[in-house]
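# quick one, fold the following:
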Amino acid sequence: MRTIPSSELIINGDGSIFHLHLKPEQLADIVILVGDPGRVAMIAEYFDDVECEVSNREFKTVTGRYKGRRMTVLSTGIGIGNIDICVTELDALANIDFATRQVKEEFRQLTLVRLGTSGAIQRDIEFGDVIFSRTSLGFDGLLSYYEGRDDVCDLALESAFVEHTNWYSKLPAPYFVNAHAELFEHFKDVTKEGITIAAPGFYAPQGRWVRLRPHDVTLNEKIESFNFEGRRITNFEMEGSALAGLASLMGHRAATMCTIIAQRVAKDACTDYKPFVRRMIEIALDKLAVI
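All right, here's what the predicted structure looks like:
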């Protein structure tokens, strides 16, 4: 059995994992992921009790109980790279014996649900709508660094998208990964289904033009018109593809839900979006309490 070197899995002197500063016993099986550290406190307000609070850099964690169900809420910060850190370290907390640095014989499956904000790329999607990313589309290229990438991706959907958009060959290859089917079924009565793009940036990677012109100024129009077997791309965010892909490779259940705060087609945005976020949080907590 492979022993993981200390350079590959860094464990702090207090027995916590390097970036998250969490110890294995502090992690619940249900993990809610948010970008903003401030949103951790918003969610923890709903907990019946709080078991622990840990903070390091942008990674803030609270573990407690909601309606009797043990849950962890963790802020990841912004971007794909942080998801790579968070999902890998959460899996290590669950499935690596820190004393021997070896994979445990008994696998522990986590349920990882990201709650984010997003911009709609279809005209009929409105502010406050909650989109469940049944499929995540990665513009980031992260998953291609891992063995088994094609095993968890929808290659037919990928091929059709590349052809439809005339994808620029110097960009990372896009990839499509489905959310866990059980989570989709569990949340489909309280959300709208979508295909969600996870972009590696907020501006040009999402088609925004401030001072630097995007390479393809028509890409968002191509995305909006893409249709595959009656399915369409619905919204932009910045983390979901890595979450879906890594969780699929590792055997965890994962999904992303986002509330809409920008209408990219109408070129409008809502800055007073906290009530929408709070509503999404309440929906998610109630559903996760009975999963």
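# ok, the lowest-mean-pLDDT helix or strand in the chain: who's next to it in the sheet?
Lowest on mean pLDDT, DSSP states H and E among the helices and strands of the chain sits strand 268-269, with a mean of 94. Paired strands of strand 268-269, with direction, are strand 253-263 (antiparallel) (DSSP bridges).
# related to what we said a few turns ago, any idea how far the least confident helix or strand of the chain is from the chain center?
23 Å (CA atoms, centre = their mean, to the nearest Å).
# which elements pack onto the helix or strand following that strand?
Next helix or strand after strand 268-269 toward the C-terminus (DSSP states H and E): helix 274-288. Judged by 3 or more CB pairs under 8 Å, 6 or more residues apart in numbering; DSSP states H and E, the packing partners of helix 274-288 are strand 30-34, helix 37-44, strand 69-75, strand 111-120, strand 130-138, helix 181-187, strand 253-263. (C-beta placed from N, C-alpha, C; glycine too.)
# if you count neighbours, what's buried in helix 274-288?
Phe276, Val277, Arg278, Met280, Ile281, Ile283, Ala284, Leu285, Lys287, Leu288 (16 or more other CB atoms under 10 Å).
# so Ala99: helix, strand or coil?
Of the three states, Ala99 takes coil under DSSP: H, G, I helix; E, B strand; the rest coil.
# burial of it, as a residue count?
8 (other CB atoms under 10 Å).
# give me the phi and psi angles of it.
Dihedral angles of Ala99 (phi, psi; degrees, to the nearest 10) stand at phi -70, psi -40.
# distance of it relative to Leu90?
Using CB to CB, to the nearest Å, Ala99 is found at 19 Å from Leu90.
# contacts for the least confident helix or strand of the chain, please.
Strand 268-269 is contacted by residues Gly119, Ile261, Ala262, Gln263 when judged by CB atoms under 8 Å, 6 or more residues apart in numbering.
# the third one against Cys270, yeah?
To tie it back to what came earlier, the one meant is Ala262. Yes - in terms of CB atoms under 8 Å, Ala262 counts as a neighbour of Cys270; the distance is 7.1 Å.
# ok, the buried residues of helix 274-288 vs Pro24, which is closest?
Leu288 (21.0 Å; CB to CB).
# identify the residue nearest the closest one in space, chain neighbours excluded?
Ile30 (5.5 Å; CB to CB, 6 or more residues apart in numbering).
# what's the answer for Val162, then?
Closest to Val162 by CB to CB, 6+ apart is Pro174, at 6.7 Å.
# quick one on the thing from earlier: looking at the helices and strands packed on helix 274-288, spot the one closest to Ala244.
strand 130-138 (4.3 Å).
# partner strands of the closest one and their direction?
strand 175-178 (antiparallel), strand 192-198 (parallel), strand 253-263 (antiparallel).
# what is the mean pLDDT for it?
Confidence for strand 130-138, expressed as mean pLDDT, is 98.
# report how many residues lie close to the residue nearest to Leu288.
The burial count for Ile30: 21, using other CB under 10 Å.
# my read: it touches Thr111, true?
Yes - taking CB under 8 Å as the definition, Ile30 is a contact partner of Thr111 at 4.9 Å.
# identify the contacts common to these two.
Here Ile30 and Thr111 have Leu288, Ile291 as joint contacts, going by CB under 8 Å, 6+ apart.
# picking that back up, so which of Ala262 and Cys270 has more stuff around it?
Ala262 (20 against 16).
# nearest spatial neighbour of the more buried one, skipping sequence neighbours?
Closest to Ala262 by CB to CB, 6+ apart is Gly119, at 3.6 Å.
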